[in-house]
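>>> Have a look; sequence and predicted model below, questions after that.
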Amino acid sequence: MAADIDLFIKNIQKSKLFAQCPNCGGEFSLSKALMFDGRKKFPDKAKVVKEELQKEINDRIANLVELQKKAKTATEKAAVSIGIGKIIEKILPSHKNFNMNSSDCRFLSEPIDMIFFDGLSNNKINHITFMDVKTGKSTLNRHQRQIRDAIHDQNVQWRQI
C-alpha cells in the first residue's frame with residue numbers, strides 16, 4: 001500500500017496537472033508542490049509549515065480565551081451597573097437632595113422610572129414630569145426615547161375609562 005501511495009505521488013509530480021490554492025485562489029503546478037505520505041515521517045519543510053500552523057492555531061486559541069475573559073468581565077460589570085441603577089432609581093425620591101416631594105412621585109420602573117406630579121400632595125397639580133434615572137454612561141433605550149419624543153412633540157393624551 002505504501003508503495004502505491006509513493007507511486008501515486010511520483011505520477012502526480014510528473015504530470016502537468018494544476019491545482020488551486022484554497023487561501024489565495026491562485027493556480028500552481030502540482031509538480032512543484034511538496035507532496036508526501038502523511039503516514040510516514042514528515043519532510044523537514046513540511047514540519048516547519050506544520051509547526052507554524054500549530055503556533056497560529058495556539059495563538060488564536062489564546063486570543064479567544066482572552067476575549068472570552070474580557071466578555072465575562074464586561075458582562076459582569078454591566079450587570080452590576082444595571083443592578084446599582086435599579087436600586088438608585090427606587091431610593092432616589094427619598095434622597096435629601098432630590099428637590100422634589102417624594103409624595104408626588106410614582107414609581108413605574110418600566111418603560112420609564114417614575115412620574116412626578118408636582119403639587120399632588122397639596123391637592124393642586126402644577127405640572128407632570130416623566131423621569132428616568134441613568135447612571136454612568138447609560139442612555140435612553142429605544143422605547144424611552146420614543147416616550148421623550150412624544151412628550152416633546154406634545155403628543156400626550158388623557159383617556160378616562
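All right, it came through fine. Numbers count the residues shown, from 1 in each chain.
>>> Could you use CA atoms for every contact and neighbour count after this?
Fine.
>>> What's the first helix or strand after the lowest-mean-pLDDT helix or strand in the chain?
Counting by mean pLDDT, DSSP states H and E, the chain has its least confident helix or strand at helix 44-91, which shows a mean of 80. Note on helix 44-91: by DSSP states H and E, the next helix or strand toward the C-terminus is strand 105-107.
>>> Run through the neighbouring helices and strands of that next one.
Counting by 3 or more C-alpha pairs under 8 Å, 6 or more residues apart in numbering; DSSP states H and E, the packing neighbours recorded for strand 105-107 are strand 114-118.
>>> For the strand it packs on, what does the pLDDT average out to?
Averaged across strand 114-118, pLDDT comes to 90.
>>> quick one: the residue nearest the centre of the chain from Ile82, how far?
In the chain, the residue lying closest to the centroid (C-alpha atoms, centre = their mean) is Ala71, at 7.9 Å. Applying C-alpha to C-alpha, to the nearest Å, the value for Ala71 to Ile82 is 16 Å.
>>> and what of Arg145?
In terms of C-alpha to C-alpha, Arg145 sits 18 Å off from Ile82.
>>> Appreciated, that's everything.
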